[in-house]
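# coordinates only, no sequence provided:
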């Protein structure tokens, strides 16, 4: 989509999780997408108008790509797949024009409508302005994590889900990283030792990298751009394994609820 022009923007409903910005379609239509990137779990599209379009997939959102050049030419159609989607959940349609790859239709489909799109003006403040570092970036490491957790009385599980501490780290991967580090989710975040924060930062990177390599975790309906499911859920050490034996010590995996989220851990290995 980089370099392509929004030839036409169609909204099939007035809102997703939140209402669309005023004049959403007309503000985007005609602009070029100059850069497409990611921040935390948001897709960020920088527009030639100076505005920025942020898109979040929620629980069930995805983009369906049709048209463009052929797969052999490496165009937009390179990401099209035949994974079935109900057209009644087609909420936003971007018709794109690219000087090299031609026309393509990018459709946002979201059965649950937990996703959303927000259009932010140039220099306008946004919810991501104070978010923490990317966990797989060079700016995230043991000392950075230690500084972010300093003085926190909240439990380490809740602290790691706080996007101001580290960006985009979800419940599954927090449970897995804490297990690998041997840290109980009930520990106070501000009382971790230097070796523990160093180890935790490293295991967070390892868990995320392995999950990406496996295509993610398909617990319900998540699929990749080619329609294939992820397989990391088959490698979980603790998540979703309540009552099953720990892979290291055979103690039964426990489940508790913290801040409304399930925490899975081994009482023998995690202290």
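Received, thanks. Since we're looking at a predicted model, the values are computed, not measured. Numbers count the residues shown, from 1 in each chain.
# where does this protein have its least confident helix or strand?
strand 62-67 (a mean of 87; mean pLDDT, DSSP states H and E).
# helices along the stretch 151-271 of the chain, start to end?
156-161, 171-181, 194-213 (DSSP state H, counting those that start in this stretch).
# for residue 229, give me the pLDDT.
The model reports residue 229 with a pLDDT of 55.
# again with residue 138
94.
# next up, the contacts around residue 168.
Contact analysis of residue 168 by Cβ atoms under 8 Å, 6 or more residues apart in numbering lists 40, 41, 134, 135. Quick note: C-beta positions are derived from backbone N, CA and C, even for glycine.
# who's residue 63 bridged to?
Note on residue 63: beta-bridge partners by DSSP bridges are residue 108.
# what about it, how many residues nearby?
Per other Cβ atoms under 10 Å, the neighbour tally for residue 63 reads 17.
# just checking, it touches residue 110?
No: when contacts are counted by Cβ atoms under 8 Å, residue 63 is not listed as touching residue 110 (9.8 Å).
# contacts only, for the residue nearest to residue 148 when sequence neighbours are not counted.
Spatial nearest neighbour of residue 148, chain neighbours left out: residue 165 (4.6 Å); criterion: Cβ to Cβ, 6 or more residues apart in numbering. Neighbour list for residue 165: 132, 145, 148, 149, 159 [criterion: Cβ under 8 Å, 6+ apart].
# could you dump those residues into JSON lines and include distance to residue 180?
Listed next are the contacts of residue 165 as JSON lines, based on distance: Cβ to Cβ, whole Å:
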{"residue": "132", "distance to residue 180": "20"}
{"residue": "145", "distance to residue 180": "15"}
{"residue": "148", "distance to residue 180": "20"}
{"residue": "149", "distance to residue 180": "18"}
{"residue": "159", "distance to residue 180": "17"}
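# which ones among these are found in helices?
145, 148, 149, 159 (DSSP state H).
# spit out the contact partners of the nearest residue to residue 247 once chain neighbours are set aside.
Using Cβ to Cβ, 6+ apart and skipping residues adjacent in sequence, the residue nearest residue 247 is residue 237, 5.8 Å away. The neighbourhood of residue 237, defined by Cβ under 8 Å, 6+ apart, consists of 176, 179, 180, 246, 247.
# can you check residue 6 too?
Shown in contact with residue 6 (Cβ under 8 Å, 6+ apart): 28, 29, 30, 31, 32, 33, 94, 95, 96.
# from those residues, list the buried ones, please.
The neighbour-count test (16 or more other Cβ atoms under 10 Å) marks 28, 29, 31, 32, 33, 94, 95, 96 as buried among those.
# from those residues, which is closest to residue 140?
Nearest to residue 140 among the buried ones among the contacts of residue 6: residue 33, at 27.9 Å, using Cβ to Cβ.
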